[in-house]
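Below: sequence and its predicted model.
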Protein chains: 2
Amino acid sequence: MSKGAATRQAVLAEATEVASRLGLGGLTIGSLAARLDMSKSGLFAHFRSKEALHLQVLGYARDAFVAEVVRPALRAPRGEARMRALFDNWLESVNVAAACLFVSASTEFDDQPGPVRDQLVADHRDLSDVIAQIFRTGIAEGQFDEAADPERFAHDLHSVMLGAFHSRRLLNDPRTDTWARQSFEALLDAARPKSG
Amino acid sequence: MSKGAATRQAVLAEATEVASRLGLGGLTIGSLAARLDMSKSGLFAHFRSKEALHLQVLGYARDAFVAEVVRPALRAPRGEARMRALFDNWLESVNVAAACLFVSASTEFDDQPGPVRDQLVADHRDLSDVIAQIFRTGIAEGQFDEAADPERFAHDLHSVMLGAFHSRRLLNDPRTDTWARQSFEALLDAARPKSG
DNA sequence: GCAGGAAACGAACGATCGTGCTATCAATTC
DNA sequence: GAATTGATAGCACGATCGTTCGTTTCCTGC
């Protein structure tokens, strides 16, 4: 990796950290440069616009999220076990900057049309598709009901995670994980094949 | 209402609208003043600090949310009917500025300690208490299981709403309401007294 | 209708915002 | 090791940020 690419990665890592706390809107070139002991213009030259920085931060966060949450889960056996692995990793990522960034950026930009919002929608769709696909495999394995809607399951699972992030990060409620796991089990139970 | 109080209300209404789209962090005195055809200093004099403005916006949004979502629901018969009324009103408020503001501000400030965050936590607790109390009444009425946890129900209902706001506002998914209602019914079913 | 107080304004503050230039410095290629 | 490319710094720009101050205008209670 060339020198430029290396510092760019370092900038994106730090930017992801900051943006996960202050939101993408709270991310400023100046303070970011100060944190990294760089000049404002030197840092800026890597991105050429603030929106480009936003997009690259989202790309970096997406890669981190996939590497930390999604990819390890895909090594679990297909179907329900894989779904459980994904859920576990996701729930553990409640303090991982990349995961938090997507939650905060999604509510921050849901009313601000543009490339950033578009990217967030696309990323959400990708994750939703992964969940739905795992679910479909579970159907094929006989673990889930053929009549169940994989996309609705993905939506419901996402809701559970949003609630968990809210409960853990804003309220700091110690019951968060217990409740999230119970909700997850309820989702699985509801998706089980009807016996008879 | 005196002149000052009147314009202050007008400012808070507009500020709530703007903050619901751009977040509290995206709310600036200058642009807010321009929207209301006021001078920056004239508007600022009402609040004396930006944080005070933030807190008063939250108070205004809270009152609006209670007036639009909570209070009407309390006129429904106690127990399950009241819970359904609350859910219906809440789901309809997906495009009401005050309701959106709480969702976005909660994720925006969950990592920024201070009075604003404290206020958000308090407001969340208040709403959670209302839900839990309605649930407890439903238990007393025999509609819900004595063994069910009212606070967990409140948390789960909140998760469903967060998912609905996300799905409607970011993804603009037409299935949002259907899915939210199905999730709500599932929560109610899970809370029903066990027969036998 | 006048006095006194509240409300709004205009101008300015220092700081910081995002974004350009130009120059210097380091790294890579021959 | 010289030449070339790319990375970083310095400086400046207009704009806007939150905030203060002194003045003016409007409202209100007598």
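Structure's in. What do you need? Numbering: from 1, shown residues only, chains lettered A, B, ... in the order given.

Can you get me a residue count around the closest residue to DNA strand C within chain A?
Nearest residue of chain A to DNA strand C (Cβ to the nearest atom of the strand) works out as residue A:30 at 2.5 Å. From N, CA and C alone the C-beta is placed, and that goes for glycine too. Neighbour count for residue A:30, taken as other Cβ atoms under 10 Å in any protein chain shown: 11.

Does it touch residue A:38 like I think?
No: Residue A:30 sits out of contact with residue A:38 when judged by Cβ atoms under 8 Å, with a separation of 10.4 Å.

any idea which helix or strand carries the residue of chain A closest to DNA strand C?
Secondary structure assignment for residue A:30, by DSSP states H and E: helix A:29-35.

Contact residues of chain A facing DNA strand D?
A:2-5, A:7-8, A:33, A:37-43, A:45-46 (Cβ under 7 Å from any atom of the strand).

Which of those residues are buried? Put it as a PyMOL command.
In PyMOL, this line selects whichever of these come out buried by 16 or more other Cβ atoms under 10 Å in any protein chain shown:
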select buried, chain A and resi 8+33+38+43+46
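
Would you check which pair of the residues of chain A next to DNA strand D lies furthest apart?
A:2 and A:40 (22.0 Å; Cβ to Cβ).

Which elements pack onto the lengthiest helix in chain A?
When chain A is parsed with DSSP state H, its longest helix is helix A:115-140. Helices and strands touching helix A:115-140, by 3 or more Cβ pairs under 8 Å, 6 or more residues apart in numbering or on different chains; DSSP states H and E, are helix A:50-65, helix A:80-92, helix A:97-109, helix A:150-165.

picking that back up, of the residues of chain A next to DNA strand D, which one scores lowest on pLDDT?
Among those, residue A:4 has the lowest pLDDT, at 78.

what's near enough to touch that one?
By Cβ atoms under 8 Å, 6 or more residues apart in numbering or on different chains, the residues touching residue A:4 are residue A:46.

What residues sit buried inside the helix or strand containing it?
Under the criterion of DSSP H and E, residue A:4 resides in helix A:3-22. Buried positions in helix A:3-22, judged by neighbour count with 16+ other Cβ under 10 Å: A:8, A:11-22.

which residue packs closest to the spatially most central residue of chain A, ignoring adjacent ones?
In chain A, the centroid-proximal residue (Cα atoms, centre = their mean) is residue A:99; its distance is 4.0 Å. Spatial nearest neighbour of residue A:99, chain neighbours left out: residue A:93 (3.9 Å); criterion: Cβ to Cβ, 6 or more residues apart in numbering or on different chains.

my read: the one you found touches residue A:65, true?
Yes: judged on Cβ under 8 Å, residue A:93 makes contact with residue A:65 at a distance of 7.3 Å.

what is in contact with the two at once?
residue A:99.

Between the two, point out the one with more neighbours.
Remark: of residue A:93 and residue A:65, residue A:65 carries more neighbours, 22 against 19, as counted by other Cβ under 10 Å.

Which residues are in contact with the closest residue to the more buried one other than its chain neighbours?
Spatial nearest neighbour of residue A:65, excluding adjacent residues (Cβ to Cβ, 6+ apart): residue A:98 at 4.6 Å. By Cβ under 8 Å, 6+ apart, the contact list for residue A:98 reads A:16, A:20, A:60, A:61, A:62, A:64, A:65, A:68.

ok, so of these, who is nearest residue A:170?
residue A:20 (13.9 Å).

and the closest one, what is it in contact with?
A:61, A:97, A:98, A:100, A:101, A:104, B:111.

Can I get the residues you listed in a markdown table including pLDDT?
Below are the contacts of residue A:20 laid out as a markdown table (pLDDT from 0 to 100):
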| residue | pLDDT |
| --- | --- |
| A:61 | 98 |
| A:97 | 98 |
| A:98 | 98 |
| A:100 | 98 |
| A:101 | 98 |
| A:104 | 98 |
| B:111 | 97 |
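
For DNA strand D, what's its nearest residue on chain A.
For chain A, Cβ to the nearest atom of the strand, closest residue to DNA strand D: residue A:4, 2.1 Å.

From the chain's centroid, how far away is stretch A:171-183?
18 Å (Cα atoms, centre = their mean, to the nearest Å).

where does chain A come near DNA strand C, residue by residue?
So chain A meets DNA strand C at A:2-3, A:27-31, A:40-41, A:44-45, A:48-51 (Cβ under 7 Å from any atom of the strand).

on that earlier part again, and the angle from the helix holding residue A:4 to helix A:50-65?
90 degrees (axes from the mean of the first three to the mean of the last three Cα atoms, to 10 degrees).

quick one: low-confidence parts of chain A?
A:196 (pLDDT under 70).

number of nearby residues for residue A:35?
14.

got a markdown table for the contacts of residue A:98, with distance to residue A:89 too?
Output for the contacts of residue A:98, formatted as a markdown table (distance: Cβ to Cβ, whole Å):
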| residue | distance to residue A:89 |
| --- | --- |
| A:16 | 18 |
| A:20 | 17 |
| A:60 | 18 |
| A:61 | 15 |
| A:62 | 15 |
| A:64 | 12 |
| A:65 | 10 |
| A:68 | 7 |
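
Alright, calling it a day.
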